[in-house]
Structure formats: C-alpha cells, structure tokens
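J.: here's a sequence, model it:
(one chain, ligands or ions: 1)
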Amino acid sequence: MRKLRIAVIGCGRISSVYASAFFNLGKQCQPVLAVDKHLDRAEAFAGQFPGCIPSDNTDIPEFQALLSECRPDVLHVLLPHHLHCKYAAAALEMGIHVLCEKPIDISLEAADGMIEASRRGGAQLGIVFQNRYIDGVQRVRELIQSGALGDVKGAFSTLNWHRPPSYYECDWKGRYATEGGGVVIDQAIHSIDLVLYMTGLKAVGVQGHTARRVLKTIEVEDEADAAITLENGSIYSFFSCNYYTSNSPIRVEIDCENGTALLTLDKMEIRWRDGREEVILPSTGKRGAVGENYWGTFHEKQIADFYEALREKRTAPWPPEDARRTLEVVLGLYTSARTQSEICL
Ligand SMILES: NC(=O)c1ccc[n+]([C@@H]2O[C@H](COP(=O)([O-])OP(=O)(O)OC[C@H]3O[C@@H](n4cnc5c(N)ncnc54)[C@H](O)[C@@H]3O)[C@@H](O)[C@H]2O)c1
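T.: Model prediction:
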C-alpha cells in the first residue's frame, strides 16, 4: 500500500492530536510538510517525522509552490477559523484533498468557496466533526434512520465549559473577525452538528440569544441559547456557556416516539418506551490521552476514515455541505440574536 503523503498547515494546540494520529496510522501516511507562520512551531511538528519539511512560507503563491514541491495527497488545515477557506481552497484547486478543522469557515460565502474549489480541483474536502464517531452516536443515527426509534419529537443540548481569560490571549480567539463568534461557533458547534447528524433532519428556523456575561475581555459571546426548529416541526433546545467552573460533560438528548437517547460526553443511554435500557460506551480510545480531555478521542477515526475513502476512491461519508448546514445554524443564531427575530434557514 502506497503511503499517503501528508501536509499540515497550523501547528498550534490541536496539532498534537494529529501528530499522534500520524504515528498510529504510520503504515498509511507519511507527513512531508508542516507549515506555520511561526517557524519554531513548524519545526517542532516536522521534527517528529523523518523527511518532513518545516516552513513558514504562508503567502499563497509560496505556499502553493511548496505544495508543488512536496506533492502531498492530503492537506490538514488546523488554522484559525477565518483562514480555513484561504488555504483549503488553494490546495483543493491544485487537486490536493483537504481535511479541515471545524468550523468550515466563518461565513457561508467562504464555505461555498471551499466547496466550489473542491469541485473545480476534483479533490475531496472533509470537515472534522470527530464526535460523530462516538459509538453511541453512530448507533442512535442508525436507529433513527431505520425507523426503530420512531419520529423525532424534540432534542436538547447543553454545554457548560470553562475557558479562562488566558485561553483568549492569542491573536485570533475572542474576535468576530477571526474566530467568527464565541462559544457557539467554536465549542457548541459540535452539539449542533451532533443533533443534525443523529436526527438526519435539517434545521429550518432559529430564534437565539447571545450574551457576554462573564468573560469581559473578549468581544464575542460567552453564553448563548436558542430554539431551533427542525424540518419535521420539532424543536431543538440549545444552551451553551464558556464560563462554568470546569469542562462539564456535554449532554445531547434526542426524544423520539419509541424512546429517548441521552449522550453524556461519550456515553449513550437509550431508554425505550417499552422499558428496555441500552448503554453504549466507546469501544476504543482513552480520553485525554493526547490533547484536552474534552476534544474526545475520535480525531484518529475520522482521519483514518478519510484516508480509507481516498485509497478506495470513494467519497468520505460526511459531505462538506453538512458542515455548511451546521455553520448556517450557527450564523442564523447570531443573526437572530442581533435582530431579535426568528431566522428562517
Ligand atoms: N475538533 C475539535 O474538537 C477541535 C479542538 C481544538 C481546535 N480545533 C480547531 O483547530 C483549529 C486550530 O485551533 P488551535 O486551538 O490549534 O489554534 P492555535 O491558535 O493553537 O493554532 C493555530 C496555529 O495556526 C498558526 N497560524 C496562524 N495563521 C497562520 C497562517 N496564515 N499560516 C500558517 N500558520 C498560521 C498559528 O501560528 C498557530 O500555531 C481551529 O479551527 C479550531 O476550531 C478543533
């Protein structure tokens, strides 16, 4: 099996999770290029893999010249949110597949630009929502798709996490222009994605509120709530805040005709109306083994799945249009909060 040649742009916090995945998937992939605007970070990342070239050439023509030289099959985009489209599109146009961190970008125009670049370049674009790979999430999606759980009647998600002021002491977090928003677009976007993914339903409307209640040094929201209308008319109730005392386990519940499925962190409990109870725990991975506990353990699964799809010349099972839809809900929530009105999606 030919190893896929791998490039990475952005060697910050999340890059340790990728380095660990590349080690574990060493038979399938070979990192050949690591780029960061801080050369020392690119060097630290590249230094872990023999033959991997570090670079701080981040102007697009120079970056594309580097890609031509190193000939990666895949580029992983691990950059601040507002830069996702810029670098992903540059690679996609060259026919290089891209797996990009969430959110797809911070505007629908940028998301469309990425999807269009992927079509033009004939290269695949995937967006990382690793929690979709939680075993219980997969099970509930199947039970809803097969009709076993019956119609979706409603859903809720809550996220109470802790981000100290120091988390925002960098050049992009906490600002609309670069992060695109706060707790919703950065952290709770996973919960929104999970509800849409498990139910298989589109969101058609959103009424939301945002506030900056506690983290006074940031420009963006540290709290948000919303009532999100799903296409079958059911309501998804959403809450998130970033100023809790700790990173409490996220909770996502889907209430269906034949039972209720509650996800707490990565443990799924299904309570059927007929009295049966099912508990589904992750079959692999140890939380916090690499990176932060709350990132979960499923990056490697999504990366491996992307590589397998590429090798087998099939489409990865999560089209970028899904990530665009999730972003549309996030941006709709922000517009609703700003205009104090319900937004149709
Ligand atoms: N899926 C998850 O659960 C998860 C968890 C954490 C982070 N993320 C995502 O990963 C991405 C990166 O987050 P992070 O926490 O690692 O951020 P970070 O700030 O720690 O890292 C970003 C890196 O990009 C570099 N950079 C900035 N501009 C650049 C440019 N023009 N060219 C090259 N390098 C540049 C910075 O120097 C920095 O090293 C974000 O999209 C974030 O949402 C996802």
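
J.: taking the stretch 151-300 of the chain, what residue is nearest to the ligand?
T.: Going by C-beta to the nearest ligand atom, the ligand is nearest to Trp295 of the stretch 151-300 of the chain, at 4.4 Å. (C-beta placed from N, C-alpha, C; glycine too.)

J.: so for that residue, what's the pLDDT?
T.: According to the prediction, Trp295 has pLDDT 72.

J.: excluding chain neighbours, what is closest to it?
T.: Val17 (6.4 Å; C-beta to C-beta, 6 or more residues apart in numbering).

J.: Thr217 now?
T.: Thr217's closest residue in space is Pro165 (C-beta to C-beta, 6+ apart), at 5.3 Å.

J.: I'd say that neighbour and Val214 touch.
T.: No. Assessed by C-beta atoms under 8 Å, Pro165 is found out of contact with Val214, at 9.8 Å.

J.: the stretch 151-300 of the chain: strands as residue ranges?
T.: Along the stretch 151-300 of the chain, counting by DSSP state E, counting those that start in this stretch, strands occupy 152-160, 203-211, 223-230, 235-241, 251-256, 259-264, 267-272, 277-280.

J.: got the contact list for Glu219?
T.: For Glu219, the contacting residues are Gly174, Arg175, Tyr176, Arg212, by C-beta atoms under 8 Å, 6 or more residues apart in numbering.

J.: ugh, typo on my part, it should be Ser283
T.: Taking C-beta under 8 Å, 6+ apart, we find Ser283 in contact with Asp135.

J.: of the contacts of Glu219, which is the most crowded?
T.: Gly174 (22 neighbours; other C-beta atoms under 10 Å).

J.: residues of the chain that sit close to the ligand?
T.: Contact residues (C-beta under 6 Å from any ligand atom) of the chain with the ligand: 9-14, 35-38, 41, 58, 78-81, 83, 101-102, 128, 130, 170, 186, 295.

J.: need the per-residue pLDDT for Ser283.
T.: Looking at Ser283, its pLDDT stands at 85.

J.: swap that for Val279, please
T.: At Val279, the model reports a pLDDT of 98.

J.: I'd like the distance between it and Met268.
T.: For Val279, the distance to Met268 equals 7 Å [C-beta to C-beta, to the nearest Å].

J.: got the buried residues for stretch 79-97?
T.: 79-94, 96-97 (16 or more other C-beta atoms under 10 Å).

J.: what do you get for stretch 242-251?
T.: So for stretch 242-251, counting by 16+ other C-beta under 10 Å, buried means Asn242, Tyr243, Asn247, Pro249, Ile250, Arg251.

J.: pLDDT and distance to Ser146 added to the residues you listed, as JSON lines?
T.: As requested, the buried residues of stretch 242-251 are exported to JSON lines (pLDDT from 0 to 100; distance: C-beta to C-beta, whole Å):
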{"residue": "Asn242", "pLDDT": "97", "distance to Ser146": "37"}
{"residue": "Tyr243", "pLDDT": "98", "distance to Ser146": "40"}
{"residue": "Asn247", "pLDDT": "96", "distance to Ser146": "34"}
{"residue": "Pro249", "pLDDT": "95", "distance to Ser146": "28"}
{"residue": "Ile250", "pLDDT": "96", "distance to Ser146": "25"}
{"residue": "Arg251", "pLDDT": "98", "distance to Ser146": "24"}
